[in-house]
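*Asks:* attaching a predicted model along with its sequence, questions to come.
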Amino acid sequence: MSKILIIYTGGTIGMVPTENGFAPKEGFFLDEMKKVPDLKMPEMPDWDFIECEPLLDSTNITHNEWNRIAHMIEEHYADYDGFVVLHGTDTMAYSASALSFMLEGLAKPVIFTGSQIPLCEMRSDGYDNLITSMLIAGRGVVKEVALYFGGYLLRGNRATKASADKLIAFSSPNYPELASAGIDIVYNRKRLLEGDDLPLNVVDIGPHKIGVLKLFPGIKFGVFEPILNSGLEGIVLETFGTGNVPNYDPAFPPLIKKALKGGTIVVACTQCMQGTVRLNAYETSSALAKAGAVCGYDMTTEATVTKLAYLLSKGYPVKDIHDLMETDLRGELTRPE
């Protein structure tokens with residue numbers, strides 16, 4: 001019989017109605033779990049439960065909570081076969097991405113899940129998400145950070161929230177699902193990471209100054225000069241298409257060059273749900289390439305931001321961070337052949 005640890009951070013799955021809208025309530029979720037008949041079935045793994053204090057709407061999750069979750073897993077790593085992290089959907093992809101980098105040497109399942117409808121409401125999707133995540137965590141086939149939602153298991157650092165109101169709330173636009181849950185849970189074993197044969201090591205994430213700038217038609221880069229020159233350690237540019245930026249504004253190249261010269265790491269990602277950045281494929285991406293920007297390839301914004309925070313927290317020199325941002329560390333990117 002396998003044994004898993006459930007870490008409850010807050011989020012919609014355990015919320016109750018209040019005069020100000022849905023909010024997490026201390027002690028409520030564990031009481032609800034004890035009422036679920038399926039959790040008493042012999043097929044279910046044994047489980048223990050930790051409720052974080054305070055419980056948070058995931059909108060309020062920061063690097064402090066990432067560190068706290070990671071150290072909870074580290075503290076109990078030898079005692080359990082797998083872990084389920086119950087989390088709000090709004091920033092779940094950021095947290096799953098962050099933990100994928102922070103948990104060096106991970107060789108056990110860490111499954112993030114939650115729900116779009118609270119467990120206390122009719123038609124809650126929380127029951128299936130919870131039960132299936134527990135089964136996956138207990139089975140031990142997965143040896144990485146993953147996200148289960150709406151019938152699909154996705155790599156944590158490949159997931160992004162795709163819908164605010166559908167029950168299939170997450171997608172993995174540039175990598176196939178790791179498993180699908182129908183009558184049976186079917187694993188795509190060739191797509192799974194093998195897990196590291198090393199002791200688990202947690203890298204704490206610090207409060208680094210990282211900015212995300214989404215390009216739009218008619219953008220005036222001069223408006224953002226105070227931000228770009230404010231001592232940012234990293235800038236994630238959500239570019240058009242394969243890494244294209246407007247070349248009508250002569251203020252852009254000097255701004256980027258100045259930021260890079262000052263030690264800021266500039267990473268080019270794409271706004272498109274699918275596809276990859278290919279700097280120099282078009283004339284409109286050549287300015288970034290010539291300036292020395294990092295190519296984010298097919299990483300999600302969530303993975304890019306958290307990977308950058310992780311590498312900065314490791315204390316690597318800027319040149320090494322440039323190289324490692326373009327290197328696949330945890331299955332987060334695919335470089336075009």
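*Replies:* Yep, that arrived. Numbering: from 1, shown residues only.

*Asks:* distance of Gly292 from Phe240?
*Replies:* The spacing between Gly292 and Phe240, counted by C-beta to C-beta, to the nearest Å, is 20 Å. Using the backbone N, CA and C atoms, a C-beta is placed for each residue, glycine as well.

*Asks:* more neighbours: which of these two?
*Replies:* Phe240 (17 against 13; other C-beta atoms under 10 Å).

*Asks:* show me what that one is bridged to.
*Replies:* When bridges are called by DSSP bridges, Phe240 pairs up with Asn244.

*Asks:* list the residues that contact it.
*Replies:* Leu215, Thr270, Gln271, Thr284 (C-beta atoms under 8 Å, 6 or more residues apart in numbering).

*Asks:* what of Ile111?
*Replies:* Gly82, Phe83, Val84, Val85, Ser133, Ile136, Ala137, Val142, Ala146, Leu147, Tyr148, Leu153.

*Asks:* again with Phe101
*Replies:* Asn157, Val203, Thr306, Lys307, Tyr310, Leu329, Arg330.

*Asks:* how about 6 Å then?
*Replies:* By C-beta atoms under 6 Å, 6 or more residues apart in numbering, Phe101 lies in contact with Lys307, Tyr310.

*Asks:* give me the phi and psi for it.
*Replies:* phi -90, psi -40 (degrees, to the nearest 10).

*Asks:* so it versus Leu311, what's the distance?
*Replies:* Relative to Leu311, and taking C-beta to C-beta, Phe101 is found at 8 Å.

*Asks:* could you do Leu119 as well?
*Replies:* Separation of Leu119 from Leu311 (C-beta to C-beta) stands at 37 Å.

*Asks:* do the same with Val245
*Replies:* Counting by C-beta to C-beta - Val245 and Leu311 are separated by 23 Å.

*Asks:* tally of neighbours for Gly105?
*Replies:* That count, for Gly105 with other C-beta under 10 Å as the rule, works out to 13.

*Asks:* ugh, wrong one, Glu19
*Replies:* 5.

*Asks:* check whether it sits in a helix, strand or coil.
*Replies:* coil (DSSP: H, G, I helix; E, B strand; the rest coil).

*Asks:* report pLDDT for it.
*Replies:* With respect to pLDDT, Glu19 scores 89.

*Asks:* check contacts around it.
*Replies:* Glu19 neighbours (C-beta under 6 Å, 6+ apart): none.

*Asks:* I'd like the next helix or strand past the longest strand seen in the chain.
*Replies:* Counting by DSSP state E, the longest strand found in the chain is strand 46-56. Note on strand 46-56: by DSSP states H and E, the next helix or strand toward the C-terminus is helix 63-76.

*Asks:* which elements pack onto the helix or strand following that following helix?
*Replies:* The first helix or strand that comes after helix 63-76 along the chain, using DSSP H and E, is strand 82-86. Strand 82-86 sits against strand 3-10, strand 110-113, helix 126-139, with contacts defined as 3 or more C-beta pairs under 6 Å, 6 or more residues apart in numbering; DSSP states H and E.

*Asks:* of those, which is nearest Ala251?
*Replies:* strand 110-113 (40.6 Å; C-beta to C-beta).

*Asks:* on that earlier part again, now the longest strand of the chain - C-alpha only, PDB.
*Replies:* Provided in PDB are the C-alpha atoms of strand 46-56 (Å, rounded to 0.1, in the frame of the first residue of the first chain):
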ATOM      1  CA  ASP A  46      -3.100   5.800   2.400                       C
ATOM      2  CA  TRP A  47      -2.900   9.600   2.900                       C
ATOM      3  CA  ASP A  48      -2.100  12.200   5.400                       C
ATOM      4  CA  PHE A  49      -3.100  15.900   5.200                       C
ATOM      5  CA  ILE A  50      -1.400  19.200   5.900                       C
ATOM      6  CA  GLU A  51      -3.400  22.400   5.800                       C
ATOM      7  CA  CYS A  52      -1.300  25.500   5.300                       C
ATOM      8  CA  GLU A  53      -1.800  28.600   7.400                       C
ATOM      9  CA  PRO A  54      -3.100  30.900   6.200                       C
ATOM     10  CA  LEU A  55      -5.100  29.400   3.400                       C
ATOM     11  CA  LEU A  56      -4.800  31.600   0.300                       C
END
